[in-house]
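**Q** no FASTA, just this:
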Ligand SMILES: CC(C)(COP(=O)(O)OP(=O)(O)OC[C@H]1O[C@@H](n2cnc3c(N)ncnc32)[C@H](O)[C@@H]1O)[C@@H](O)C(=O)NCCC(=O)NCCS
Ligand SMILES: Nc1ncnc2c1ncn2[C@@H]1O[C@H](COP(=O)(O)OP(=O)(O)OP(=O)(O)O)[C@@H](O)[C@H]1O
């Protein structure tokens, strides 16, 4: 079974992904793939520099993530431009990693895809877990984790479908407002229910 893990920015997907990994279950991580496809010298980074200007590439040849982030989370057109360049490369590499895991005989594969719904990738997966948090907790955790101001954090939250809407589209929801232990228990229950854990 291919299981999608999604949510909203700072809702706790990576936290839940680590718990999944601790069971020895395999995960394909879209945020990690998004970094791999723009490594120095890649054709995708070249296209981004053409669209955004050479200043988004640092002296060591890597993408200046803070600079790109400060542009795309305040400008919908530029976000669409970035998405149209980077998403095809991310999709291709994610499917390659999934197929590789399947060829090793993995029966259950998780795909951590923050923009699963925004990018209409539901067909990539058979079941969907949404990691959800209340707006206040989300804002607080995002500001703390990234050192963002309230405005910066809100701009990022506003660039995604509200997590309450995503809940409606899920096969299972993990409410991550409480302790890590509460979250771990919810995850474990889902994995037993779906026979991923026996
Ligand atoms: C804009 C970039 C450079 C900012 O880098 P940064 O290191 O600050 O953030 P990071 O990559 O860790 O992403 C953090 C979170 O931001 C959100 N996010 C990232 N990109 C987008 C986007 N295009 N639209 C909406 N939300 C996004 C996601 O929730 C993601 O989990 C980077 O996020 C990026 O390359 N984005 C485009 C690729 C993408 O869409 N990735 C998200 C899922 S595939
Ligand atoms: N139950 C929890 N209790 C306290 N802190 C938490 C809890 N869950 C997550 N956090 C913290 O909240 C922040 C956001 O969590 P995490 O990085 O897992 O979110 P994410 O959904 O993967 O974010 P992104 O979309 O940006 O990749 C992190 O600093 C994490 O340590």
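**A** Received it, and whenever you're ready, just let me know what you need. Computed from a predicted model, the values in this text were never measured in an experiment. Ligands and ions are numbered 1, 2, ... in the order given.

**Q** for the residue most central in space within the chain, which residues are in contact?
**A** Centroid-nearest residue in the chain: residue 114, 2.7 Å away (criterion: C-alpha atoms, centre = their mean). When the contact criterion is C-beta atoms under 8 Å, 6 or more residues apart in numbering, the partners of residue 114 are 6, 7, 8, 9, 13, 30, 31, 160. The way it works is simple: take the backbone N, C-alpha and C, and place the C-beta from them, glycine included.

**Q** do the same with residue 126
**A** By C-beta under 8 Å, 6+ apart, the neighbours of residue 126 are 1, 2, 3.

**Q** out of the residues you listed, which are buried?
**A** residue 3 (16 or more other C-beta atoms under 10 Å).

**Q** which stretches in the protein count as strands?
**A** 2-7, 27-29, 109-112, 127-132, 172-175 (DSSP state E).

**Q** which parts of the last one are buried?
**A** Looking back up the chat, that one is strand 172-175. Quick answer for strand 172-175 (16+ other C-beta under 10 Å): 172, 173, 174, 175.

**Q** and those residues as CSV, adding pLDDT and distance to ligand 2?
**A** What follows is these, written out as CSV (pLDDT from 0 to 100; distance: C-beta to the nearest ligand atom, whole Å):
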residue, pLDDT, distance to ligand 2
172, 98, 16
173, 98, 14
174, 98, 10
175, 98, 10
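
**Q** measure how buried the nearest residue to residue 127 once chain neighbours are set aside is and give me the count.
**A** Nearest non-adjacent residue to residue 127, counting by C-beta to C-beta, 6 or more residues apart in numbering: residue 171, 4.6 Å away. By the measure other C-beta atoms under 10 Å, the count of residues near residue 171 is 14.

**Q** measure residue 27 to residue 5 for me?
**A** Taking C-beta to C-beta, to the nearest Å as the measure, residue 27 falls 8 Å from residue 5.

**Q** the more surrounded of those two?
**A** residue 5 (27 against 19).

**Q** quick one, what contacts that one?
**A** 13, 16, 17, 20, 27, 110, 111, 112, 113, 129, 131.

**Q** whichever of those residues end up buried, select them in PyMOL.
**A** To isolate the buried members of the contacts of residue 5 in PyMOL, using 16+ other C-beta under 10 Å:
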select buried, resi 13+16+17+20+27+110+111+112+113+129+131
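
**Q** make a markdown table from the contacts of residue 5 and add pLDDT and distance to residue 71 to it.
**A** Output for the contacts of residue 5, formatted as a markdown table (pLDDT from 0 to 100; distance: C-beta to C-beta, whole Å):
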| residue | pLDDT | distance to residue 71 |
| --- | --- | --- |
| 13 | 97 | 24 |
| 16 | 98 | 29 |
| 17 | 98 | 27 |
| 20 | 98 | 33 |
| 27 | 98 | 29 |
| 110 | 98 | 31 |
| 111 | 98 | 27 |
| 112 | 98 | 25 |
| 113 | 97 | 23 |
| 129 | 98 | 31 |
| 131 | 98 | 27 |
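
**Q** alright, calling it a day.
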